[in-house]
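Asker: Give me the fold of what follows.
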Amino acid sequence: MNHIYTGLDIGNGEIKIVVVNASSASNTNNYHILASTSVKTLGLKKNTIYDEKKLKSSLLNAIKLTEEKLGMKIREVILTLPANRASMTMESGLVNIRENKVRGKDIDAVIRDTVEDTYDNTRELVSCLPISFTVDEEASVTNPLDEEGEKLFLKAVVATSPKEEIYPFINLVRSVGINITDIIYNTQADYYTIASKDLDRKMGVVINIGTDITSIGVFNKGIMIKNSYIPVGSSSVDKDISFIYKVDLKEARKLKETFALSTPRYADNNDNATITTKENKKITINQMQISEVIESRLKEILKLAKNEINRLTKREISYIIVVGGISELAGFNYVVEETLGNTANCFNMTEIGARHNKYTSAFGACKYFDKKCVLKERDINMFDLDEIENFISPKKKNANNDNMTNKFFGHFFEN
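Answerer: Numbering: from 1, shown residues only. Okay, the predicted model is just below:
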């Protein structure tokens, strides 16, 4: 069974869209990326929309580019949201099993019972993440499907946010004619990208260094139980380079991404670049020196994140994983380990079609939704079935299908 989902991450620096084909076979899930797109975000800063018209234009551009790659119309998405003022509480629910054997409708019912009356009308439900299910008084399980009994009990973490914080993003997406099938916090989505059976048994932290906000999520057995953020991110690196070398921010970003490293440890003292400053003067930049500038700011951000971790929990942390576009810089993992310790490392996004760490939230949103659908026995596709058939069927060799195939494989070569 194949299902196609679209994840949308409206970041402060870039809007990212990832379209995923989720296929289930032999009780395993395989995820293949059909398209990924990132465009510069305009009209958004520190998760606050200051120019809705510009942001809407950025979103429409991202959607258009993705549709051109797919040859299919995007009608609905899973939207990732900031968790700045998220609240997470432990809740429980209990329902009667309708036909003496647990089915998806029973799981849906117990989730609804769990979230009932857990938040007021100023907040919106974002997620209800199951910790364990219990059928009658038997041992707890993570998936109760086909278990026989009379009562289904659920213990879960319910996450909510102020409506005023997340509705501007929801309304923006709806304003361009896109339906929102589900929502999830960015940091939760990040975890679904990096998740493994080993991590699902441990207590750890995910840090996402965004453009101007760094998000921190504490996870216990795969469920985010606490979160925080610091109002600083990769744009601070750009500003440092811009200030020191007297170049505009666009040139600063280019130097960061194409010339500098995240640490002078791996830089070449003989490697130099000649640039023109804002004062129209030509200067020479040394790779080792500019890398020192970047390392200094990165360490500051990571130390601030470490302080937040210590504030959020006193429990032993088994892992710290850092994501975000800036983590693509050469030598970044060394800075992470040196600053946060040997339990910390940088995630490396290796999915064909989206081999860049900026896509972790959008991709993870699709994985989260797919697992949710499997648990609730829901069969959902986010694209028209005729379009999907025309896209994937090898029997249809018309010119239109050939054109879509060319776009599809061209996208893989881009990533």
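
Asker: residue contacts, Ala354?
Answerer: 18, 33, 36, 363, 415 (Cβ atoms under 8 Å, 6 or more residues apart in numbering). Any C-beta I mention is one placed from the backbone N, CA and C, and that applies to glycine too.

Asker: So which of those belong to helices?
Answerer: With DSSP state H as the criterion, helices contain Phe363 from among the contacts of Ala354.

Asker: Can you tell me which of the contacts of Ala354 is nearest Phe259?
Answerer: Distances from Phe259 to these, taken as Cβ to Cβ, are shortest for Asn415 (22.1 Å).

Asker: can you give me the helices in the stretch 251-400 of the chain?
Answerer: Remark: helices assigned in the stretch 251-400 of the chain by DSSP state H, counting those that start in this stretch are 287-312, 332-340, 360-376, 385-392, 399-414.

Asker: got the buried residues for the first one?
Answerer: Put plainly, it is helix 287-312. 287-288, 290-295, 297-299, 301-302, 305-306, 308-309, 312 (16 or more other Cβ atoms under 10 Å).

Asker: Ok, stretch 239-247 next?
Answerer: By 16+ other Cβ under 10 Å, the buried positions in stretch 239-247 come out as 240-242, 245-247.

Asker: circling back to that earlier point, so which of the contacts of Ala354 wins on neighbours?
Answerer: Val18 (31 neighbours; other Cβ atoms under 10 Å).

Asker: List the contacts of that one.
Answerer: 6-7, 9, 33, 35-36, 354, 359, 362-363, 365-366.

Asker: and which of the residues you listed is nearest Asn186?
Answerer: Asp9 (6.6 Å).

Asker: roughly how far apart are that closest one and Val323?
Answerer: From Asp9 over to Val323 the distance is 12 Å, taken as Cβ to Cβ, to the nearest Å.

Asker: Lowest average confidence across the helices of the stretch 251-400 of the chain, which one?
Answerer: Of all these, the minimum mean pLDDT falls on helix 399-414 (a mean of 45).

Asker: what's the burial count for Lys105?
Answerer: Lys105: 14 neighbours (other Cβ under 10 Å).

Asker: host element of it?
Answerer: Taking DSSP states H and E as the criterion, Lys105 maps to helix 104-115.

Asker: Show me the helices in the stretch 1-150 of the chain, by range?
Answerer: Taking DSSP H, counting those that start in this stretch as the criterion, the stretch 1-150 of the chain carries its helices at 52-70, 104-115.

Asker: Quick one: those as CSV, columns for distance to Asn270 and mean pLDDT too.
Answerer: Shown next, in CSV, are the helices of the stretch 1-150 of the chain (distance: least, Cβ to Cβ, whole Å; pLDDT from 0 to 100):
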stretch, distance to Asn270, mean pLDDT
helix 52-70, 40, 97
helix 104-115, 60, 96
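
Asker: ok, back up a step: in JSON lines, list the helices of the stretch 251-400 of the chain along with distance to Ser140.
Answerer: Output for the helices of the stretch 251-400 of the chain, formatted as JSON lines (distance: least, Cβ to Cβ, whole Å):
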{"stretch": "helix 287-312", "distance to Ser140": "26"}
{"stretch": "helix 332-340", "distance to Ser140": "33"}
{"stretch": "helix 360-376", "distance to Ser140": "15"}
{"stretch": "helix 385-392", "distance to Ser140": "38"}
{"stretch": "helix 399-414", "distance to Ser140": "42"}
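
Asker: Could you say which one of these comes nearest to Ala156?
Answerer: helix 360-376 (11.8 Å).

Asker: Please name every helix or strand in contact with the closest one.
Answerer: When contacts are defined as 3 or more Cβ pairs under 8 Å, 6 or more residues apart in numbering; DSSP states H and E, helix 360-376 sits against strand 2-10, strand 14-25, strand 28-40, strand 76-81, helix 104-115, strand 179-185, helix 186-194.

Asker: For Ser327, find the nearest of the ones you listed.
Answerer: helix 186-194 (11.4 Å).

Asker: Could you identify the helix or strand that succeeds that closest one?
Answerer: Counting by DSSP H and E, the next helix or strand C-terminal to helix 186-194 is strand 203-209.

Asker: Below-threshold pLDDT in the stretch 1-150 of the chain: ranges please.
Answerer: 1, 24-29 (pLDDT under 70).

Asker: Outline the domain layout of this protein.
Answerer: 1-75+350-415, 87-163, 196-348 (automatic domain parsing).

Asker: Quick one: end-to-end distance for the second one.
Answerer: Translated: domain 87-163. Domain 87-163 has an end-to-end distance of 12 Å (Cα to Cα, to the nearest Å).

Asker: need the contact list for the nearest residue to Leu145 once chain neighbours are set aside.
Answerer: Leaving out its chain neighbours, the residue that sits closest to Leu145 by Cβ to Cβ, 6 or more residues apart in numbering is Val102, at 5.7 Å. Residues in contact with Val102 (Cβ under 8 Å, 6+ apart) are 133, 135, 144-149, 152.

Asker: Top of those residues by number of neighbours, please.
Answerer: Busiest of the contacts of Val102 [other Cβ under 10 Å] is Pro144, holding 26 neighbours.

Asker: Alright, calling it a day.
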